[in-house]
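1. here you go, sequence then predicted model.
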2 protein chains.
Amino acid sequence: MSIPSVKGTRDFYPEQMRLRNWIVDAWRRVSLRHGFEEYDAPIFEYLDLFTVKSGEEIAEQLFRFTDRGGRQLAIRPEITPSLARMVNAKIASLPRPIKWFSVPRLCRAENPQRGRLREFFQWNVDVIGPEDVLADAECIFVAADFLRELGLTPADVTVRIGSRPLITAALAGSGVPAERMDAALAVLDKRPKVSDEEFDRLAAGAGLSAAQVAALRGLQDCPAPEALPAATAGLRGAETPVRRLGELFGHLRRLGVADYCVLDLRVVRGLAYYTGIVYEVFDAGSQLRALAGGGRYDNLLEVLGGPAVPATGFGMGDVVLGILLEEKGKVPPHVRAQQVEFFVIDAEDGAFGKVVEVVGALRAAGRGAEFSYVRRPVGKQLKEANRRGAAKALLVRADGLSLKDLATGEQAETTLDRLLTRV
Amino acid sequence: MSIPSVKGTRDFYPEQMRLRNWIVDAWRRVSLRHGFEEYDAPIFEYLDLFTVKSGEEIAEQLFRFTDRGGRQLAIRPEITPSLARMVNAKIASLPRPIKWFSVPRLCRAENPQRGRLREFFQWNVDVIGPEDVLADAECIFVAADFLRELGLTPADVTVRIGSRPLITAALAGSGVPAERMDAALAVLDKRPKVSDEEFDRLAAGAGLSAAQVAALRGLQDCPAPEALPAATAGLRGAETPVRRLGELFGHLRRLGVADYCVLDLRVVRGLAYYTGIVYEVFDAGSQLRALAGGGRYDNLLEVLGGPAVPATGFGMGDVVLGILLEEKGKVPPHVRAQQVEFFVIDAEDGAFGKVVEVVGALRAAGRGAEFSYVRRPVGKQLKEANRRGAAKALLVRADGLSLKDLATGEQAETTLDRLLTRV
């Protein structure tokens, strides 16, 4: 009976797992050096947690199930609601700012496509507590610093930065009523992903007139934060978001990542809970889906039963990132191959018991050691050592050991004590 | 609207996450130095994969759901069936032995109890290909080496080693027919976990007579592999399992972990797919549930549609292990606290812009750097630096930098260049 894997999921054979670990290790390393602490939440939660405030698109993509008590559960499609739940539960005792990151496994019941799977990993970086735009700047800095760490330059990737309150002000100024604002924003988020005809249809459905869309387009084309004060002169509610965008770009310059960042007011994000600066990271040619997306969500903790605490953060998935790193040739060859320190070989009959002892002693001392289960000529064992990525072969005889460097071919006598004490 | 977490799941706040990472990092480090390569599979699979051969207990504990196409899926309660599926899919091209490990997140719909949760992490180590008992020895060695690495001694933990074919031979010898063997083994596995009355009831239900149980008990009390040949003299089918147990203990001695291991033929394991040597790891007083369990499962790949390929391995969960490490005081203090390299402070008015630049430069160079979002006196910022676990404070003035060691209190002038080039 042969049972396949489920479409849209991935098997991580060792080569793919090494690539995944290379990415995840870099996410962790960069997060820690930016002063973030790691957290995690359960892979499933009560269904309500995900339907309260994330918006319809996410709710439709949930894998739902019930436990034996009939309670409605769902596998997490994102971790932000769990983060808000966890922070709310300890809000009185957590020192602020709360700077946390996570690398959750997430599942969404989507139709699998290039760059979009039913199961993926997503780096999440959040700052909870400060209203200061410095927190938004720090999140964008972490994302850019990670991309740079993996060899992606401003010629490869761009952080496109927008502002929900600025777009909301423009929509309100052109007559969109407050009760239609969420729907209007959801339609604008779809704009770059659908055809013009489809967009017109969606816009009409959300009550957005062609004139309103055209007026907004003028603002959305504003190329740089310096041009914003003029472009929004007289627009009610624009002053604060414009000032915050200016401060943000100032911080990004001082942090040294301004060359990764551009103003792009077409970015509004799809999730319903965003309230401030929003951004998405794309490959330079925008050939792929977004690598990352985030922004400020000052109301989510309150909506989920906590106090009103400002928050900002982003998520970066592993799927599109992996495609881009492969396309740009940024995956170092050593990431793909197994690496073993010593391959221990019985160089004469009867030495195998000693091989097992040497392997045991090396591993117990923290050294990497491998050996062949099958007794074979030394030449064949050396071949296996090479195939397994061993740096050195250790040839064991009854009367001693010799160490062979498999890169240079150099060989010399040694002792187990020497191998165990050497750093 | 306040929504709680689901009973039996865990929130990993940073302190708990550091403990989890400390365990998982050690699992990875030990696996790699023993020559194992990491793999992973999806968190959900087709339901059938888990019901074919794992036994009833696992099937009852599945979180099941359907996708939009009405296909029956389940969250994985163990990873071995996925491993078998993955190996089967590439069996012709994978060089043997296949030595793989994984650290999957698993979910089981159980009633939460001490040491048993609905969601947990489980280290899995498997050797696929060799029939040689050396493969079983290597798996036990990896488990013992890991326990030793975390400071657990033979006074703290014991690997209890049994043999399914030997127990099967004894059951057959006392008249248990082949078709009742699986049920009889499942009952024997329950013996240490239920009351004597409950066991008698279960044994009767599986068709095991009191005389058969008593006869088996004599064999199960055999204290050491050396005593086995005498204890099984004349028992049909006992010779091979007895020889293999002898070989196993010989390998474990040579590998240097015999002091962690004892013969215990009461161990038969609950999963239906085991076929050979089986083992469980317990705390020395057996006050807790098993820390780990495993054994040989030579038929599983074939049952799941592949060729007949021998396999052996174990799983070790994080829940009981975590309880034991806490109880024995084996968690080093540094594991619990955040660690930051530099805490950067504006030591005079107007220096904050420079603080942001210095933080940006340090992090970009791979150094850990943190700072306060709020402008406050130097003394308060130093307090925050201490609270965040910073090793050093970097005081920024318009005309220079000074570095203060927060452990010794020593302070000296420095430059950014010097900090960035120092190793």
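-> Good, I have the coordinates. Numbering: from 1, shown residues only, chains lettered A, B, ... in the order given.
2. show me where pLDDT drops low in the stretch 51-200 of chain A?
-> A:53-56 (pLDDT under 70).
3. all strands of it, in order?
-> A:64-66, A:72-75, A:98-102, A:105-107, A:119-128, A:157-163 (DSSP state E, counting those that start in this stretch).
4. so which of the ones you listed comes closest to chain B?
-> Closest of those to chain B is strand A:64-66, at 3.7 Å (criterion: Cβ to the nearest Cβ). C-beta coordinates here come from the backbone N, C-alpha and C atoms, glycine included.
5. wait, which of the strands of the stretch 51-200 of chain A is closest to B:Gln381?
-> B:Gln381 sits nearest to strand A:98-102 of all those, at 15.9 Å, using Cβ to Cβ.
6. hmm, who's touching that closest one?
-> Applying Cβ atoms under 8 Å, 6 or more residues apart in numbering or on different chains, the contact partners of strand A:98-102 are A:27-28, A:31, A:34-41, A:79, A:83, A:87, A:123-129, A:138, B:14.
7. the helices in the stretch 101-250 of chain A, which residues?
-> Under the criterion DSSP state H, counting those that start in this stretch, helices of the stretch 101-250 of chain A are mapped to A:133-149, A:164-173, A:181-190, A:196-205, A:210-220, A:228-231, A:239-255.
8. TSV for those helices, including mean neighbour count and distance to chain B?
-> Listed next are the helices of the stretch 101-250 of chain A as TSV, based on neighbours: other Cβ atoms under 10 Å in any protein chain shown; distance: least, Cβ to the nearest Cβ, whole Å:
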stretch	mean neighbour count	distance to chain B
helix A:133-149	25	6
helix A:164-173	22	21
helix A:181-190	20	18
helix A:196-205	13	22
helix A:210-220	15	29
helix A:228-231	16	22
helix A:239-255	19	4
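9. which of those sits closest to B:Asp318?
-> Closest approach to B:Asp318 among those (Cβ to Cβ): helix A:133-149, 27.5 Å.
10. what helices or strands is the closest one leaning on?
-> Secondary-structure packing of helix A:133-149 (3 or more Cβ pairs under 8 Å, 6 or more residues apart in numbering or on different chains; DSSP states H and E): helix A:14-33, strand A:119-128, strand A:157-163, helix A:239-255, strand A:277-283, strand A:292-296, strand A:311-317, helix B:352-364.
11. redo that, cut-off 6 Å
-> Contacts defined by 3 or more Cβ pairs under 6 Å, 6 or more residues apart in numbering or on different chains; DSSP states H and E place helix A:133-149 against helix A:14-33, strand A:119-128, helix A:239-255, strand A:311-317.
12. touching chain B at all, the longest one?
-> Read that as helix A:14-33. Yes: judged by Cβ under 6 Å from any Cβ of the partner chain, helix A:14-33 and chain B are in contact via A:14, A:17, A:33.
13. residues near the last one, how many?
-> What that stands for is A:Arg33. Residues lying near A:Arg33 (other Cβ atoms under 10 Å in any protein chain shown) number 23.
14. what do you get for the one 4 residues further on?
-> Neighbour count for A:Glu37, taken as other Cβ under 10 Å: 21.
15. check what pLDDT it gets.
-> Reading off the confidence values, A:Glu37 has pLDDT 98.
16. domains of chain A?
-> Using automatic domain parsing, the domain parsing of chain A gives A:14-333, A:338-421.
17. what's the end-to-end length of the last one?
-> I take that to be domain A:338-421. 25 Å (Cα to Cα, to the nearest Å).
18. repeat that for the first one.
-> Using Cα to Cα, the end-to-end distance of domain A:14-333 comes to 14 Å.
19. who does the nearest residue to A:Val87 once chain neighbours are set aside form a beta bridge with?
-> The shortest distance from A:Val87 to any residue other than its chain neighbours is 5.7 Å, reached at A:Ile128 (Cβ to Cβ, 6 or more residues apart in numbering or on different chains). Beta bridges link A:Ile128 to A:Ile98, A:Ala311 when assigned by DSSP bridges.
20. shouldn't A:Glu413 be in contact with A:Leu403?
-> No: using Cβ atoms under 6 Å, A:Glu413 makes no contact with A:Leu403, being 7.9 Å away.
21. higher neighbour count, the two?
-> A:Leu403 (17 against 10).
22. quick check: which element contains that one?
-> Take DSSP states H and E as the rule and A:Leu403 turns out to sit in strand A:400-405.
23. could you pull out the buried residues of that strand?
-> Within strand A:400-405, the residues that count as buried by 16 or more other Cβ atoms under 10 Å in any protein chain shown are A:401, A:403-404.
24. partners of it in the sheet?
-> strand A:390-397 (antiparallel), strand A:411-414 (antiparallel).
25. winner for burial among the ones you listed?
-> Mean neighbour counts were taken over the strands paired with strand A:400-405 using mean count of other Cβ atoms under 10 Å in any protein chain shown, and the top value, a mean of 21, falls to strand A:390-397.
26. that older thread, tell me the most buried of the domains of chain A?
-> Among the domains of chain A, domain A:14-333 has the highest mean neighbour count (mean count of other Cβ under 10 Å), at a mean of 19.
27. where's the nearest residue to A:Ala390 once chain neighbours are set aside relative to A:Ala393, distance?
-> In space, and not counting its chain neighbours, A:Ala390 is closest to A:Phe343: 3.8 Å by Cβ to Cβ, 6+ apart. Distance, A:Phe343 to A:Ala393, using Cβ to Cβ, to the nearest Å: 5 Å.
28. so which of the helices and strands packed on helix A:133-149 gets nearest B:Glu198?
-> Nearest to B:Glu198, of those and by Cβ to Cβ, is strand A:119-128 at 40.5 Å.
29. what is that closest one packed up against?
-> Using 3+ Cβ pairs under 6 Å, 6+ apart, the elements in contact with strand A:119-128 are strand A:98-102, strand A:105-107, helix A:133-149, strand A:311-317, helix A:318-327.
30. just put the ones you listed in TSV and tack on distance to A:Met181.
-> Converted to TSV, the helices and strands packed on strand A:119-128 look like this (distance: least, Cβ to Cβ, whole Å):
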stretch	distance to A:Met181
strand A:98-102	29
strand A:105-107	28
helix A:133-149	21
strand A:311-317	20
helix A:318-327	29
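31. closest one to A:Ile75 among those?
-> For A:Ile75, the closest of the helices and strands packed on strand A:119-128 is strand A:105-107, at 4.4 Å, according to Cβ to Cβ.
32. what strands line up against the closest one, and which way round?
-> Applying DSSP bridges, strand A:105-107 is found paired with strand A:119-128 (antiparallel).
33. distance between the strand it pairs with and the chain's centre?
-> Counting by Cα atoms, centre = their mean, to the nearest Å, strand A:119-128 is centred 6 Å from the centre of its parent chain.
34. what's the angle from it to helix A:14-33?
-> Strand A:119-128 runs at 0 degrees relative to helix A:14-33, counting by axes from the mean of the first three to the mean of the last three Cα atoms, to 10 degrees.
35. between strand A:119-128 and helix A:133-149, what angle do the directions make?
-> Going by the same axes, to 10 degrees, strand A:119-128 makes 140 degrees with helix A:133-149.
36. quick one: strand A:119-128 to strand A:311-317, angle?
-> Orientation note: strand A:119-128 sits at an angle of 160 degrees relative to strand A:311-317 (the same axes, to 10 degrees).
37. re earlier: nearest to B:Phe282, of the helices and strands packed on strand A:119-128?
-> For those, proximity to B:Phe282 was assessed by Cβ to Cβ; strand A:105-107 is nearest, at 30.7 Å.
38. one step back: for B:Leu235, find the nearest of the helices and strands packed on strand A:119-128.
-> With Cβ to Cβ, the closest approach to B:Leu235 among these belongs to strand A:105-107: 48.5 Å.
39. mind listing residues that contact the closest one?
-> Outside strand A:105-107, the residues that touch it by Cβ atoms under 6 Å, 6 or more residues apart in numbering or on different chains are A:63, A:75-77, A:119-122.
40. hmm, try it at 10 Å
-> For strand A:105-107, the external contacting residues (Cβ atoms under 10 Å, 6 or more residues apart in numbering or on different chains) are A:8-9, A:40, A:43-44, A:61-63, A:74-79, A:117-122, A:124, A:315, A:317-318, B:40, B:42-44, B:75, B:104-105.
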